[in-house]
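Student: Model the structure of this input:
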Amino acid sequence: MPTGATGSATAGCTRAAASRFEERLAEERQALRPLPPARFDWSGHRSTRVPIDGYLRHGRCFYRAPERLVHERVELGFDRDQVWIVHRGQEVARYPRSYEQGLWLPPPIMRPEPPALAPLVLPALTVAPPELADYAELCA
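Tutor: Okay, the predicted model is just below:
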């Protein structure tokens with residue numbers, strides 16, 4: 001911190017600024033309303049139909065519904081920390097909410113690769129031409 005005449009001048013400015021700040025803060029505190037008695041519960045829900053792949057999209061993430069609910073209408077509930085799926089008043093799935101873009105919860109189950117088939121070997125065929133005598137009988 002500088003000393004001398006300049007130091008005392010800046011100290012006076014900061015004291016004046018601090019007193020103005022305190023005055024404004026006191027005015028704002030008088031104008032403030034008290035907080036509500038209950039804490040705000042941020043949550044929501046929406047009705048949606050489960051697509052063929054079984055994943056519901058919410059907030060750039062995908063959450064899987066049970067396979068038996070494909071093409072059924074469900075309620076997708078969500079809050080700051082969790083996402084849940086309700087069908088006919090019963091909760092059927094609950095996941096921690098993710099804010100990571102493009103995340104699939106739980107990860108999709110990939111079908112296994114089909115086993116390699118052995119190459120099909122055809123038996124060797126031999127073709128015998130008909131006897132010329134048979135054609136002679138037909139032409140006569």
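
Student: pLDDT score for the residue most central in space within the chain?
Tutor: In the chain, the C-alpha nearest the mean C-alpha coordinate belongs to residue 61, at 0.9 Å (CA atoms, centre = their mean). Note on residue 61: pLDDT of 94.

Student: need the contact list for it.
Tutor: Contact partners of residue 61, counting by CB atoms under 8 Å, 6 or more residues apart in numbering, are 97, 98, 99, 100, 101, 102, 103, 104, 105. Every residue, glycine included, has its C-beta placed from N, CA and C.

Student: beta partners of it?
Tutor: Going by DSSP bridges, residue 61 is paired in beta bridges with residue 58.

Student: so how far is residue 53 from it?
Tutor: 14 Å (CB to CB, to the nearest Å).

Student: before we move on, what about residue 62?
Tutor: From residue 62 to residue 53 the distance is 9 Å (CB to CB).

Student: Neighbour count for the two, which is higher?
Tutor: More crowded of residue 62 and residue 53, by other CB atoms under 10 Å: residue 62, with 19 against 13.

Student: ok, and the closest non-adjacent residue to the more buried one?
Tutor: residue 55 (4.1 Å; CB to CB, 6 or more residues apart in numbering).

Student: Please work out how many residues are found near the one you found.
Tutor: Residue 55, neighbours per other CB under 10 Å, totals 17.

Student: ditto for the one 3 residues further on
Tutor: The local packing count at residue 58 equals 18, with neighbours defined by other CB under 10 Å.

Student: just residue 28 next, same as before
Tutor: With other CB under 10 Å as criterion, residue 28 counts 9.

Student: So it belongs to a strand, correct?
Tutor: No. Counting by DSSP: H, G, I helix; E, B strand; the rest coil, residue 28 is not found in a strand; it is helix.
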